[in-house]
Structure formats: structure tokens, C-alpha cells
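Participant: sequence first, then the predicted structure, then my questions.
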Amino acid sequence: MGLWSNLKKQSKNIESSEIEWPNRIVTLDDKNFDNFIKKFPVAIVDFWASWCAPCKTMAPRLRRLCSIYRNRAAFGKIDIQKYQKISKKYNISSIPTLIFFRYGKVIKSSFGVKSVGKIKTLIDDEVEKLK
């Protein structure tokens, strides 16, 4: 059985109602990052920096998406300047970067400023796979 089949089977074994979903974008650091990405069937992490203007453009879009996908996807953000070891681990070379995880495994990534609609399409693809 392939990796994707195993992840899909694993995600179906955990009912969405059993997961304690965050109701906001979680600020991640080196202490909670691994637990966050491993806990959810769809976790989206925003790699950003405080000096990055495009990152500031993405922030309200991600807050909106967090509200739209409540109890279906978890959103987190991590400052690449404060947590360089994590950004190096995921080869972050430009920001903003969104990385999509399924129980800790990278399933896709997106670079640069994206519209709510474009990000929504990326999320919908992953949420649909869980059905």
C-alpha cells in the first residue's frame, strides 16, 4: 500500500469530531511545531517574517480561510527569522510560503501572495481527499 493510501486510511480512522481543532491561527515555535503538523489531517503553515510586506498582505486572507475551514483544516504561522532551523528544514527560500501537511507529511506547498480563492482551491483539493 502506498504512502497516500496509508495517509488516507489513517485520516479516515480519526473522526473530525474527535480532533480538537484550533479556532484561530496558531503561532508556532520550535516547541509546538512538530506536534501541530502531526496532529491534523490538514495543517497549513504560513512561513513568514515581520518585515515582509507580502506576508502582511497574506495575514488577513489566512484569517478568513481559518474561519471558512473551521473544524476541517488547522492553520499555523511561524516566523522564519526566529526559527531558522525549522525554515531550513523545509528549504524555505522565499516568503510567504504555505506548506500543507497531512499528519506531519508535506503534501504540497505554495509560494508568494495568493488570493483567497486560489488558496481555497488548494485546501479544497486536500479536504476532498479525506472523504
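Facilitator: Looks like it came in fine.

Participant: pull the longest helix from this structure.
Facilitator: In the chain, taking DSSP state H as the definition, the longest helix is helix 53-68.

Participant: name every strand pairing with whichever helix or strand comes after that one and say which way it goes.
Facilitator: Counting by DSSP states H and E, the next helix or strand C-terminal to helix 53-68 is strand 74-79. The strands beside strand 74-79 in its sheet (DSSP bridges) come out as strand 26-27 (parallel), strand 43-48 (parallel).

Participant: and the angle from the helix or strand hosting residue 125 to strand 43-48?
Facilitator: Per DSSP H and E, residue 125 falls inside helix 116-129. For helix 116-129 against strand 43-48, the angle by axes from the mean of the first three to the mean of the last three CA atoms, to 10 degrees is 150 degrees.

Participant: helix 116-129 - contacts with which helices or strands?
Facilitator: helix 53-68, strand 97-102, strand 105-111 (3 or more CB pairs under 8 Å, 6 or more residues apart in numbering; DSSP states H and E). For every residue, glycine as well, the C-beta is placed using N, CA and C.
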